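Enquirer: Got a predicted structure plus its sequence, pasted below:
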Amino acid sequence: MMRPYPALAALLALSGCAMKPLNSIPLTGAYDQANPFAKMIRGELKPVKVYETDHVLAFMDHAPATIGHILVISKVSHARTLLEMNARDYDEVMAVVRKVALAEVKALDLKGFTIIENNGLGQSVPHLHVHIIPRYGGKRLREIPNKIMPDAELEKTASRIRAVLAEMDVHPEAQ
């Protein structure tokens, strides 16, 4: 059988990517109250927060793909995936995704941004979350190594984004 992309398969084999298992959660199942995002919502874990409402939390990813990588979650929904979340809660999450992305563009002088939401395959935490990944140009996401960053470093970027968000709240017409 001929592989449709033999050069890609060879590259993956050489890089070791083909050997690394992809994170995954089952598409159906019970919500795990011990997951790290549930612990953040309860105050048991302290993320570097960027924005928060009564229903939604945006915080810095501790192993960012790029500087300014943010995760957005619902604080009220126990949905593990998009398939389990009701439309109202999803709309609230996506409204915050849009607002935070707009603030990041202004605060970090981005060339663009990528929005990712894994469901099942590729998902490491069983709580629906949306990634906002700033794009500065020059590198593809798959070329960017992820390493855990100290909260103090994350806080520097978060404070810049929070300043723009605060200005947006004062002047909502700018949104």
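Expert: Looks like it arrived, so ask away. Everything quoted here is computed from the prediction, not taken from an experiment.

Enquirer: which residues touch the helix ranked longest in the chain?
Expert: Counting residues, the longest helix in the chain under DSSP state H turns out to be helix 87-108. For helix 87-108, the external contacting residues (CB atoms under 8 Å, 6 or more residues apart in numbering) are 50-51, 53, 55-56, 58, 67-68, 70, 72-74, 76-77, 79, 82, 85, 110, 113, 115, 128, 130, 132, 134, 157, 160-161, 163-165, 168, 175. Using the backbone N, CA and C atoms, a C-beta is placed for each residue, glycine as well.

Enquirer: Counting by contacts, list what the longest strand seen in the chain packs against.
Expert: If you go by DSSP state E, the chain has its longest strand at strand 129-135. Helices and strands touching strand 129-135, by 3 or more CB pairs under 8 Å, 6 or more residues apart in numbering; DSSP states H and E, are strand 70-74, helix 87-108, strand 112-116.

Enquirer: Let's have those in TSV, adding mean pLDDT, distance to A63 and mean neighbour count.
Expert: Formatted as TSV, the helices and strands packed on strand 129-135 follow (pLDDT from 0 to 100; distance: least, CB to CB, whole Å; neighbours: other CB atoms under 10 Å):
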stretch	mean pLDDT	distance to A63	mean neighbour count
strand 70-74	98	11	26
helix 87-108	98	18	18
strand 112-116	96	14	15
